[in-house]
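# I would like the atomic coordinates for the input below:
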Amino acid sequence: MNLIDRAIAAVNPEAALRRERARCNLDIIQRFRNSGYDESGASRSKNAMRGWDASSRSPQEDIDRNLDTLRQRSRSLMMSAPIAVSAIKTNRTNIVGVGLRARPTVDREVLGISEAEAKAWCRKTQREFELWAKSKHCDSTKTNDFYEMQQIACTSWLMNGDAVALVRYNDDEAAFMPYGLRIHLIESDKVCSPHSGGSYVNLQQTDTVTHNRIYNGVEIDGNGAVVAYHICSTYPNSSLQAEKRWTRVKAFGERTGFPNVLMVFESERAEQYRGVPYLAPVIESLKQLTRYSEAEIMAAVINGFFTVFITSEKGTSDMPFSGFGDGDPEGTGDGSNYGMGPGMINILAPGEDIKMADPSHPNGNFDAFSTAYAKYIGAALEIPHELLLKQFGASYSASKAALEEAWKAFRMKRTWLVNDFCQPVYEMWLVEAIAKGRITAPGFFLDPAIREAWCRCAWNGPSQGMLDPLKEVNAATRRVKLGISTREIETMEMSGGSFDDNAEQLKREAEKMGEINALLEPEKPWSEEPDGQEREG
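So this is what the prediction gives:
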């Protein structure tokens, strides 16, 4: 204690105690005040941070409770905002394109078969899969083939946050389709908690039979594992006259272990069971940019009209402007009407004047502002603004860097779509094909390792494309020569094709060209020897 505190303690011990307690509290505050993030992101004393009361809870509270609003706004932007449409369709075109094609690549070392046998098996399996995939009978609604369903699933995933497909079987069409596997795509809204009516107020429910928790239509057990999905027969918030019935569908088959429901979404957090729309982080920015664009377009339209204001000391009801016309070029005579036309002369009355409208719109900085705003939106969506706006005016190096950066995200999303949708469908089809004897795969049902070796499959999709084909091909050639890449990898990256198929085709073409050259080769001339014998010239 200092002298003042000692004097106060001698006269008033309670006041001295309060001073000492305040001093201790102040010491604690000073000790922990300026540590770590207290001076930056966690500061509560800075003016910039003082009113920022951020609150984050469980994924179900942060995501599922707001998911309906996010979906509706994302769909609205998809229908009305050009940049939002570009963002989603650019992803769909580069991730799926005309469809991801299955290319079986069995592990012949595990299976103990020769290379020729493996190639023959892969070609036959690919032909059989194409028989199913190219038919609209693979779709439960008979409206799309498998490759078109990939496009719908990708768009739904990006727009709604997740894509849902039900796995069904139908053997009634065996006469013209030997496989009974059917895929039924439904929108995310149908996967919802029973009797929720599309509302997410009652976030958590409990199944009356299993006593498991249900979050937004996803039933999980005590360990947090997904065990079932609750699917409504119609859209929960639809005004159409249709009975709403909820069906509990087990997530996986009890005997096969295959999924009964394919849920395609990108997880952001642990223990997250529903996806977030792709546009969610930029919904506000996209809406504001759309409003700004509409305002500028309207201003440009208004500015296209030739607007004149006549100021007068008379009342507004006494201003007889007759508009545009081809009237008397010498005026109206009595000066009571005004018009606009070729060579028309109007004589203004005393006290009247003409003011020309001179709006300040459209803004001359509209294009620069929109492009700058698109850069921020593209950064959040992992799409360079060149791709987002389809505007390529930078140098080769800058455009190449932008394309490379975009394709990192495209490849990641393609892998996600393959793992969650394409590959499970292929494996379920392969099981049926083997079970029906159309494909032979020894040991498939005996050992999971052998089964995995038979199920290996690569999925080829649209390639990245080339800005300068000569440079790209030269770079690919050097990579192959250095051993840091292979012809198969480069073929897939540059054209999306198969090196083995190309090699077989080139071999056939070379043989065919050899035959053609032999036919086109001119006959050799003949001449006679001095002794009268013929010799070849």
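
# Would you check how far apart T491 and N460 are?
9 Å (C-beta to C-beta, to the nearest Å). Glycine gets a C-beta too; all of them are placed from N, C-alpha and C.

# so what sits against both of the two?
497-498 (C-beta atoms under 8 Å, 6 or more residues apart in numbering).

# So between the two, which is more surrounded?
Set side by side, T491 and N460 show more neighbours around T491, with 20 against 16, by other C-beta atoms under 10 Å.

# Could you pull up phi and psi at the residue nearest to that one when sequence neighbours are not counted?
Of all residues not flanking T491 in the chain, F499 sits nearest, at 4.3 Å (C-beta to C-beta, 6 or more residues apart in numbering). Backbone torsions of F499, given as degrees, to the nearest 10, read phi -70, psi -40.

# my read: F499 touches E493, true?
No - using C-beta atoms under 8 Å, F499 is not in contact with E493, being 11.0 Å away.

# if we can go back for a sec, how much space is there between the residue nearest to T491 and R487?
The value you get for F499 to R487, if C-beta to C-beta is used, is 5 Å.

# Doesn't K375 lie inside a strand?
No - counting by DSSP: H, G, I helix; E, B strand; the rest coil, K375 falls outside a strand, being helix.

# thinking again about what came up before, show me what contacts the residue nearest to T491?
Neighbours of F499 in contact, by C-beta under 8 Å, 6+ apart: 486-488, 490-492.

# hmm, which of those residues are the buried ones?
488, 490-492 (16 or more other C-beta atoms under 10 Å).

# A372 should be in a strand, yeah?
No - read with three-state DSSP, A372 is helix and lies in no strand.

# if I pick it, what's in contact with it?
Per C-beta under 8 Å, 6+ apart, neighbours of A372: none.

# distance of it from A406?
19 Å.

# Next: I88.
Distance from I88 to A406, by C-beta to C-beta: 14 Å.

# Just give me the neighbour total for M78.
20.

# Mind pulling up the pLDDT for it?
At M78, the pLDDT value in this model is 93.

# With G333 instead?
46.

# got it, and G532?
Model confidence at G532 (pLDDT) stands at 49.

# And the one 5 residues further on, by the same measure?
Predicted confidence (pLDDT) for G537: 41.

# next one: Y200
Confidence for Y200, expressed as pLDDT, is 48.

# And the helix or strand encompassing A16, what does it pack against?
Secondary structure from DSSP states H and E places A16 in helix 13-33. Helix 13-33 sits against helix 3-11, with contacts defined as 3 or more C-beta pairs under 8 Å, 6 or more residues apart in numbering; DSSP states H and E.

# thinking T290 is in contact with V85, fair?
No - counting by C-beta under 8 Å, V85 is not a contact partner of T290; they are 10.9 Å apart.

# okay, the two: which has more neighbours?
Ranked by neighbour count (other C-beta under 10 Å), T290 and V85 place T290 first, with 17 against 13.

# Spatially, which residue comes closest to the residue nearest the centre of the chain, not counting chain neighbours?
For the chain, the residue nearest the mean C-alpha position is L158 (4.0 Å; C-alpha atoms, centre = their mean). Of all residues not flanking L158 in the chain, Y278 sits nearest, at 4.1 Å (C-beta to C-beta, 6+ apart).

# Show me which positions of stretch 256-269 end up buried.
Neighbour-count burial for stretch 256-269 [16+ other C-beta under 10 Å]: 259-266.

# what residues are up against K124?
I439.

# pLDDT score for it?
With respect to pLDDT, K124 has a value of 95.

# Which helix or strand lies directly C-terminal to the helix or strand where it lies?
Using DSSP H and E, K124 sits within helix 115-133. Next helix or strand after helix 115-133 toward the C-terminus (DSSP H and E): helix 146-160.

# I appreciate the help and will end here.
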